[in-house]
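>>> Structure for this input, please:
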Amino acid sequence: MDPSSETDKRFATTQATLSSRPTSKDVPHRSSTDAKSSVRRKLVIQIPCLNEEATIGTTLAALPRRVEGFDSVEWLIVDDGSTDGTVAAATAAGADHIVSLPHNQGLARAFMAGIEASLKAGADVIVNTDADNQYAAGSIPDLIAPILEGKAQIVVGARPISEIREFSATKKLLQKMGSAVVRIASGTSVPDAPSGFRAVHAAAALRLNVFGDYTYTLETIIQAGRKGIPIASVPVRVNPATRPSRLVRSIPSYVRRSMFSIARVFVLYKPLRFFSVIGALLLVPGVALGLRFLYEYLLTGSAGHVQSLILSAILILSAMIVFVAGVLSDLIASNRILLEEIRMRQLRTEIEASRAARTSYIAP
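Have a look, this model is predicted:
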């Protein structure tokens, strides 16, 4: 995999245009002495949307405007190429920021576009929730509590899966099994990995990179675990479903794409281990077949098991190729780490410039 091409895809979301409604929070009137002596903390609640005209108003109406521990709370909508009146409905409902993607890019890209826009808007903590009002907004204080307490930088809301009536028994089982796989792959203890209701500290948000375009939920947890970002989980409440899930169109498709995402991220962060395991699976039977041929040849002098020798050679050669691929992938992964560092520094510079521009409007 070419990291530079993934980086190009990742920065495709910068085509998004950020438009903000002027509010009193954007131009606070306080003395320069107060500005220096007090640290103002901002919470940005972001919502990725695709044709959510019918529900976005209800979702925004439930969101808080005041949360303990923060001086301001702003709402940010990511319009992922909607063709209905989602943007107009969100603006009418009081959204502070609208991020408009030029066309539909998928949930993962919309999520990351929102993260970047939230950081540039001055967010200290970002809460991501769904546009269909699936998650109870009253759980937001519980979600951000571990961050305010300094216990975590990413907090994932754990839904009461067994109590959700809209989930079939099969879906409940697969949700639990998928979360177990993510826990193993990430080295974390998140019980509800597919949950999109999560809070992210600005420092952690800078380090997140989503390479796929299907969903961000599993990939970001594995990244957090592999990068050593403190991650926690808290129980959250959910609302009755307003529509069928657009992400899970069919269980087999969701499982297949989720497993691919998990494997892909694991290869990105542990390529040598991944290819070494595959290489070992090829090498062991190859050596065993070779020893079998050698045993028969030395014991009986017969070369009648030439097919074992041929298969042994093929397996051992394949194992060597896989091991070499693992070494090359590990070297490429080192290059990806450097690219991520460059991207993080560039984004930090853009954020600081954006915040400086906002500060310049503070009245003396």
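
>>> elements contacting the helix or strand that contains G178?
G178 is part of helix 169-186, with elements assigned from DSSP states H and E. Applying 3 or more CB pairs under 8 Å, 6 or more residues apart in numbering; DSSP states H and E, we find helix 169-186 packed against helix 217-227, helix 251-269. C-beta coordinates here come from the backbone N, C-alpha and C atoms, glycine included.

>>> Show me the strands in the chain, by range?
Using DSSP state E, the strands of the chain run over 17-20, 42-49, 72-79, 97-100, 125-128, 154-158, 198-201, 231-235.

>>> okay if I get those strands as CSV plus distance to G106, mean neighbour count and mean pLDDT?
What follows is the strands of the chain, written out as CSV (distance: least, CB to CB, whole Å; neighbours: other CB atoms under 10 Å; pLDDT from 0 to 100):
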stretch, distance to G106, mean neighbour count, mean pLDDT
strand 17-20, 18, 14, 44
strand 42-49, 10, 26, 96
strand 72-79, 11, 25, 96
strand 97-100, 14, 22, 94
strand 125-128, 15, 27, 97
strand 154-158, 20, 25, 95
strand 198-201, 18, 26, 96
strand 231-235, 23, 20, 95
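
>>> which stretch among those comes nearest L218?
strand 154-158 (10.8 Å; CB to CB).

>>> By mean pLDDT, flag the weakest helix or strand of this structure.
When the helices and strands of the chain are scored by mean pLDDT, DSSP states H and E, helix 32-37 comes last with a mean of 39.

>>> Surely G196 is in contact with I221?
No - the criterion here is CB atoms under 8 Å, and G196 misses it with I221 at 11.5 Å.

>>> out of the two, which sits in the busier spot?
With neighbours defined as other CB atoms under 10 Å, G196 and I221 compare such that I221 has more, 28 against 20.

>>> In contact with the more buried one, which residues?
Contact analysis of I221 by CB atoms under 8 Å, 6 or more residues apart in numbering lists I154, V156, V182, S186, T188, V190, A193, I231.

>>> From K42, how far out is it?
Here I221 is placed at a distance of 25 Å from K42 (CB to CB, to the nearest Å).

>>> those helices in the stretch 201-350 of the chain, which residues are they?
Counting by DSSP state H, counting those that start in this stretch, one finds helices in the stretch 201-350 of the chain at the ranges 202-205, 217-227, 251-269, 271-300, 306-359.

>>> comparing these, which gets the lowest mean pLDDT score?
If the helices of the stretch 201-350 of the chain are sorted by mean pLDDT, helix 251-269 sits at the bottom with a mean of 77.

>>> Give me the buried positions along that one.
Y254, R257, S258, S261, I262, R264, V265, F266, V267, L268, Y269 (16 or more other CB atoms under 10 Å).

>>> Among those residues, which one lies nearest to S312?
Looking across the buried residues of helix 251-269 and measuring by CB to CB, the closest to S312 is V267, at 27.4 Å.

>>> That closest one and F274 touch, don't they?
Yes - the pair V267 / F274 is scored as a contact, 5.0 Å apart, by CB under 8 Å.

>>> Count the neighbours of A356 for me.
9.

>>> follow-up on the earlier one: turn the helices of the stretch 201-350 of the chain into TSV, columns for distance to T86.
Converted to TSV, these look like this (distance: least, CB to CB, whole Å):
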stretch	distance to T86
helix 202-205	24
helix 217-227	22
helix 251-269	24
helix 271-300	40
helix 306-359	25
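
>>> Show me how the record splits this protein into domains.
When the chain is parsed with automatic domain parsing, its domains come out as 3-268, 270-364.

>>> Mean neighbour count, those: which tops it?
domain 3-268 (a mean of 18; mean count of other CB atoms under 10 Å).

>>> quick one on the thing from earlier: contacts for the helix holding G178 next, please.
161-162, 164, 167, 188-194, 218, 221-222, 224-226, 248, 251, 254-255, 258-259, 262, 265-266.

>>> ok so, going back, closest one to E352 among the strands of the chain?
strand 42-49 (14.8 Å).

>>> would you put the C-alpha positions of that closest one in PDB?
Presented in PDB, the C-alpha positions along strand 42-49 are these (Å, rounded to 0.1, in the frame of the first residue of the first chain):
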ATOM      1  CA  LYS A  42     -15.000  25.000  23.900                       C
ATOM      2  CA  LEU A  43     -17.100  21.800  23.100                       C
ATOM      3  CA  VAL A  44     -18.000  21.200  19.500                       C
ATOM      4  CA  ILE A  45     -20.700  18.600  18.800                       C
ATOM      5  CA  GLN A  46     -20.400  17.300  15.300                       C
ATOM      6  CA  ILE A  47     -23.000  15.400  13.200                       C
ATOM      7  CA  PRO A  48     -22.200  13.800   9.900                       C
ATOM      8  CA  CYS A  49     -25.300  14.000   7.700                       C
END
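
>>> Packing partners of that strand?
By 3+ CB pairs under 8 Å, 6+ apart, strand 42-49 packs against helix 56-62, strand 72-79, helix 107-120, strand 125-128.

>>> if we go to 10 Å?
Here strand 42-49 touches helix 56-62, strand 72-79, helix 86-92, strand 97-100, helix 107-120, strand 125-128, helix 140-148, strand 198-201, going by 3 or more CB pairs under 10 Å, 6 or more residues apart in numbering; DSSP states H and E.

>>> Is it possible to get CSV of those that adds distance to M344?
Below are the helices and strands packed on strand 42-49 laid out as CSV (distance: least, CB to CB, whole Å):
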stretch, distance to M344
helix 56-62, 31
strand 72-79, 21
helix 86-92, 30
strand 97-100, 20
helix 107-120, 11
strand 125-128, 16
helix 140-148, 19
strand 198-201, 14
